[in-house]
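Enquirer: Would you be able to build a 3D model of this:
(one chain, ligands or ions: 2)
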Amino acid sequence: MPRSAPVRFFTISSLWVMITPVGFNPLFWIKVFVMTAVTTAELTAALNAVRDAARICRSVQSTIAPDALAKKDKSPVTVADFGSQAVVCRVIGDAFPHDPIIAEEDSRELLNEQNAPFLHLIHDEICKQCIEASKEQVCRWIDRGGAEDYSHRFWTLDPIDGTKGFLRKEQYAISLALVVDGQIVLGALGCPNLPLVPGDDATAGSLFYAIKGQGAFALPLEGEAEPVPVRVSATGDPAQIVLCESVESGHSDHDVSAQIAKSLGISKTPLRMDSQAKYACVARGEADLYLRLPTRADYVERIWDHAGGVLVVEEAGGKVTDVTGKPLDFTHGRGLERNRGVVVSNGLLHDAVLAAVQAAGVS
Ligand code: AMP
Ligand code: MG
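Expert: Ligands and ions are numbered 1, 2, ... in the order given. This is a model prediction of the structure:
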């Protein structure tokens, strides 16, 4: 637990509602409810959970053969994915047994006989972290993440976001968020391969978190350290803008983003990176813009691919919408059913980028 974790019940940004007549202002009560939803208990649990998961991911990643991706060997991802989900759901479920968790995986497949070796490996990895449990208990933890539907308070988890990056030993993230009344109130992103100091690989392993109304912070994944506030860039000059996007062209249309970048006068080579580490890079000003442009008419973005990152960027002063300018809507269960693609910026650029996105015919 960071010593100076800045958890307060009320913030300056909420004072404006307090000076209005309370009896006639439902917004006041909504804000009070949302603000009080995040206490030190939620933050401590979220950071501990993400750190436990990161240890499992790192342990499994250290065993990956260099040609795992070429050989299409997905087994390390499977082991780390389920192991990560199990330990996160263990921590969150023990601390908040009544909170539903909408997570990416479920244990049904693991219980097939042909997958018994996987369950064995997952169990081994969990035991290596000095967490005692039977295989059945591991499956029960994984299935705590099986909520499907929207509820007024729930957690959402991507146990390994950016599985290709994980296999390539590049960027991946563990993303966890708490949503109350449709608003993300707590977001945590563990980025085991992202240097805390951009460009300094010796500092690899970053943890970002944000609390609604209280800012966004970065700290090392391991060890005691003060959280440091992060802030988006103040870059408005197209020549200086760094645009980031998925490595996978199947996840975001690279051709259309190049066209949009050109129309905005952006000349730098895009920063391609897997996972929600892209949100972290915008939040700390390493990049100024993140475009996720639909590649398929029928693809619905999953909430766990965004929730943690969205709050980190917003609380760092940035802006997140879909490609039409609508806020992301976390009230539809597992999918962002009412949104198309995602545009993330330092805020300054947002309107100009949305106009360029629309002019490129993205919808
Ligand atoms: P990234 O690492 O940013 O490329 O995103 C990884 C995430 O992309 C995965 O967790 C998937 O859930 C998600 N994904 C899979 N297919 C698509 C698609 N067609 N469009 C957008 N995202 C996708
Ligand atoms: Mg994902």
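
Enquirer: contacting residues for the residue of the chain found nearest ligand 2?
Expert: When Cβ to the ion is the measure, the chain has its nearest residue to ligand 2 at residue 161, with 3.6 Å between them. Where you see a C-beta, it was placed from the backbone N, CA and C, and this is true even at glycine. Going by Cβ atoms under 8 Å, 6 or more residues apart in numbering, residue 161 touches 172-175, 274-276, 304-305.

Enquirer: And it, how close does it get to residue 307?
Expert: Counting by Cβ to Cβ, to the nearest Å, the gap between residue 161 and residue 307 amounts to 11 Å.

Enquirer: shared neighbours, those two?
Expert: Any residue near both residue 161 and residue 307 by Cβ under 8 Å, 6+ apart counts here, and that gives residue 175.

Enquirer: Check which helices and strands the longest strand seen in the chain sits against.
Expert: As assigned by DSSP state E, the longest strand anywhere in the chain is strand 183-195. Using 3 or more Cβ pairs under 8 Å, 6 or more residues apart in numbering; DSSP states H and E as the contact definition, the elements that strand 183-195 packs against are helix 40-61, strand 173-180, strand 204-211, helix 277-283, helix 307-315.

Enquirer: Which residues of this structure lie near ligand 1?
Expert: For the chain, the residues in contact with ligand 1 under the definition Cβ under 6 Å from any ligand atom are 161-162, 246, 248, 250-251, 274-275, 295-296, 299, 302, 305.

Enquirer: Mean pLDDT for the helices and strands packed on strand 183-195 - can I get that in JSON lines?
Expert: Converted to JSON lines, these look like this (pLDDT from 0 to 100):
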{"stretch": "helix 40-61", "mean pLDDT": "97"}
{"stretch": "strand 173-180", "mean pLDDT": "98"}
{"stretch": "strand 204-211", "mean pLDDT": "98"}
{"stretch": "helix 277-283", "mean pLDDT": "98"}
{"stretch": "helix 307-315", "mean pLDDT": "98"}
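
Enquirer: got these as CSV, with mean neighbour count columns?
Expert: Below are the helices and strands packed on strand 183-195 laid out as CSV (neighbours: other Cβ atoms under 10 Å):
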stretch, mean neighbour count
helix 40-61, 21
strand 173-180, 29
strand 204-211, 26
helix 277-283, 29
helix 307-315, 28
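
Enquirer: Now tabulate those in a markdown table and tack on distance to residue 240.
Expert: What follows is the helices and strands packed on strand 183-195, written out as a markdown table (distance: least, Cβ to Cβ, whole Å):
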| stretch | distance to residue 240 |
| --- | --- |
| helix 40-61 | 32 |
| strand 173-180 | 26 |
| strand 204-211 | 23 |
| helix 277-283 | 14 |
| helix 307-315 | 19 |
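
Enquirer: With residue 255 as the reference, name the closest of those.
Expert: Minimum separation from residue 255 across those (Cβ to Cβ) falls at helix 277-283, 18.6 Å.

Enquirer: And the closest one, how far out from the chain middle?
Expert: From the chain centre to the centre of helix 277-283 is a distance of 10 Å (Cα atoms, centre = their mean, to the nearest Å).

Enquirer: Show which residues not belonging to that helix make contact with it.
Expert: Where contact means Cβ under 8 Å, 6+ apart, the residues beyond helix 277-283 that reach it are 162, 165, 171-173, 189, 191, 193-194, 198, 206, 208, 210, 216, 218, 230-232, 244-246, 271, 273, 287-290, 306, 308-310, 312-313, 315-316, 318, 344-346.

Enquirer: Spatially, what comes nearest to whichever residue of the stretch 101-250 of the chain sits closest to ligand 1 if we skip its sequence neighbours?
Expert: Taking Cβ to the nearest ligand atom as the measure, the point where the stretch 101-250 of the chain comes nearest ligand 1 is residue 246, at 3.2 Å. Once its chain neighbours are removed from consideration, residue 246 has its nearest residue in residue 252; the separation is 4.4 Å (Cβ to Cβ, 6 or more residues apart in numbering).

Enquirer: Repeat that for residue 249.
Expert: According to Cβ to Cβ, 6+ apart, the nearest residue to residue 249 is residue 295 (7.3 Å).

Enquirer: For that neighbour, grab the count of nearby residues.
Expert: Applying the criterion other Cβ atoms under 10 Å, we find 17 residues in the vicinity of residue 295.
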